[in-house]
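[1] Whatever this is, show me its structure:
(chains A and B)
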Amino acid sequence: MSKILPAPWLSLFLLVFWLLLQNSVSFGLIILGAVFAVLIPLYTHRARDFSIRVRKPLILVQYAVLLLIDIIISNFNIAAVILTPRRKIKPALFEYPLDITGEVPITMLASTISLTPGTISAELGRDGRSLLIHALNVHDVEAVKRQIKERYERRLQEIFQC
Amino acid sequence: MLQSLPTWADYLASALVIMGALFALIGSFGLLRLPDFMTRLHAPTKNTTLGVGGIILGSTLYFSVSSGLSLHELLIAIFLFLTAPISAHLLAKAGLHLEYKMIKETQDLRKKPEQYSDKDD
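    As a prediction, this is how the structure comes out:
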């Protein structure tokens, strides 16, 4: 299994990607895509210096749906802030202590923070244990931290078990 | 290539495209209105995701109804979701390193602000 398919998720992703690019599904295309999906990970395997193991794929799907909903809400929130004439906004720059470890989970959390309501991850602390976050309009920083922890970090922790 | 669609698809696709265009417009408008570099970053990174998202959904709907299932627009959305946070992150990082001025309402809760800066004193 691991000899032929060193990264099964990457292979699946490549196959779906190939079919989307072709914009049609036929037997020949699936076979050709499958060949690519096996060969490309084999070839690039040595260059991957990190490993991801998704322990709970179901929660990952749930996470994606949650993220999509939050992105839509976030868009409306920002639009409201922009369009309200001269409303006093209260930006904040704060450090968020990380519980999760590993490059991929932290990257995912940082991207999530950047995509969701009014927050952007600005920098990873030098020790890798905290994220610097800029928020557009917050009154209670602790509440934002708590929300990130409970909504996203908890779930990522479960997905990757780290 | 342009064909007439059933009325419901016509309206839905137009609504999606208009919504997407509106959000893109609001995002660009935000660039103009928000007070400093860091807050300005929020507008284009967030609103373009839904802006482009709406247009992509409209396009998917139009071509799926008029000439068979068409999903490769989704790839654009995937790439956008992968790259938008990263460019936002890098811009924010650059802003911090150069110590761009932030408006005075900003609550700066950094414990050691100097560790994020590259400026020589």
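
[2] Can the helix ranked longest in chain A be said to contact chain B?
    Longest helix in chain A by number of residues (criterion: DSSP state H): helix A:57-83. Yes - Helix A:57-83 reaches chain B (Cβ under 8 Å from any Cβ of the partner chain) through A:71, A:72, A:74, A:75, A:78, A:79, A:81, A:82, A:83. For the C-beta atoms, the positions are set from N, CA and C on the backbone; glycine is no exception.

[3] The fifth one and residue B:7, how far apart?
    With distances defined as Cβ to Cβ, to the nearest Å, the gap from residue A:78 to residue B:7 amounts to 33 Å.

[4] Settle it for me: which of those two has more neighbours?
    Taking neighbours as other Cβ atoms under 10 Å in any protein chain shown, residue A:78 and residue B:7 compare with residue A:78 leading, 26 against 8.

[5] ok, for that one, nearest residue in space, not its chain neighbours?
    Closest residue to residue A:78 apart from its sequence neighbours, by Cβ to Cβ, 6 or more residues apart in numbering or on different chains: residue B:46 at 4.7 Å.

[6] can you map out the strands along the chain?
    Answering for chain A, as no chain was given. With DSSP state E, the ranges of strands along chain A come out as A:92-97, A:119-124, A:130-135.

[7] ah, I was thinking of chain B
    Ranges of strands in chain B, per DSSP E, are B:107-108.

[8] Low-confidence bits of it, can you list those?
    For chain B, the stretches with pLDDT under 70 are B:1-3, B:112-121.

[9] List the buried residues for the lengthiest helix in it?
    Looking across chain B with DSSP H, the single longest helix is helix B:37-67. Buried residues in helix B:37-67, counted by 16 or more other Cβ atoms under 10 Å in any protein chain shown: B:37-63, B:65-66.

[10] Residue A:117 contacts residue A:74, correct?
    Yes - under the criterion of Cβ atoms under 8 Å, residue A:117 makes contact with residue A:74 at 4.1 Å.

[11] Show me the residue at the heart of chain A, geometrically.
    Of all residues in chain A, the one closest to the mean position by Cα atoms, centre = their mean is residue A:108, 3.4 Å from it.

[12] Next, format the residues of helix A:57-83 next to chain B as CSV and append pLDDT.
    Formatted as CSV, these follow (pLDDT from 0 to 100):
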residue, pLDDT
A:71, 84
A:72, 85
A:74, 81
A:75, 83
A:78, 81
A:79, 83
A:81, 80
A:82, 80
A:83, 81
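
[13] and of these, the nearest to residue A:146?
    Nearest to residue A:146 among those is residue A:74, at 17.6 Å by Cβ to Cβ.

[14] how near is the residue nearest the centre of chain B to residue B:109?
    Residue closest to the mean C-alpha point of chain B, counted by Cα atoms, centre = their mean, is residue B:48 at 2.3 Å. From residue B:48 across to residue B:109, the span is 28 Å (Cβ to Cβ).

[15] now do residue B:51
    Residue B:51 is 31 Å from residue B:109, by Cβ to Cβ.

[16] for residue A:22, same thing?
    To residue B:109, residue A:22 is 50 Å away according to Cβ to Cβ.

[17] Show me which residues of chain A sit near chain B.
    Residues of chain A lying near chain B (Cβ under 8 Å from any Cβ): A:17, A:20-23, A:71-72, A:74-75, A:78-79, A:81-83, A:88-95, A:110-115, A:118, A:120-123, A:125-126, A:132, A:134, A:136, A:138, A:141.

[18] what about residue A:103, how many residues close to it?
    Neighbour number of residue A:103 under other Cβ under 10 Å is 12.

[19] For residue A:141, list the residues it contacts.
    By Cβ atoms under 8 Å, 6 or more residues apart in numbering or on different chains, the contact set of residue A:141 is A:92, A:94, A:135, B:107, B:109.

[20] Quick check on the last one: phi, psi?
    Going back to what we said before, that points to residue B:109. Dihedral angles of residue B:109 (phi, psi; degrees, to the nearest 10) stand at phi -110, psi 20.

[21] Can you get me a residue count around it?
    Residue B:109 has 13 neighbours, counted by other Cβ under 10 Å.

[22] same question, the fourth one
    By other Cβ under 10 Å, 14 other residues sit near residue B:107.

[23] ok, now the first one?
    Other residues within reach of residue A:92 by the criterion other Cβ under 10 Å amount to 21.

[24] do the same with residue A:59
    Per other Cβ under 10 Å, the neighbour tally for residue A:59 reads 18.

[25] And for the one 4 residues further on?
    By the measure other Cβ under 10 Å, the count of residues near residue A:63 is 19.
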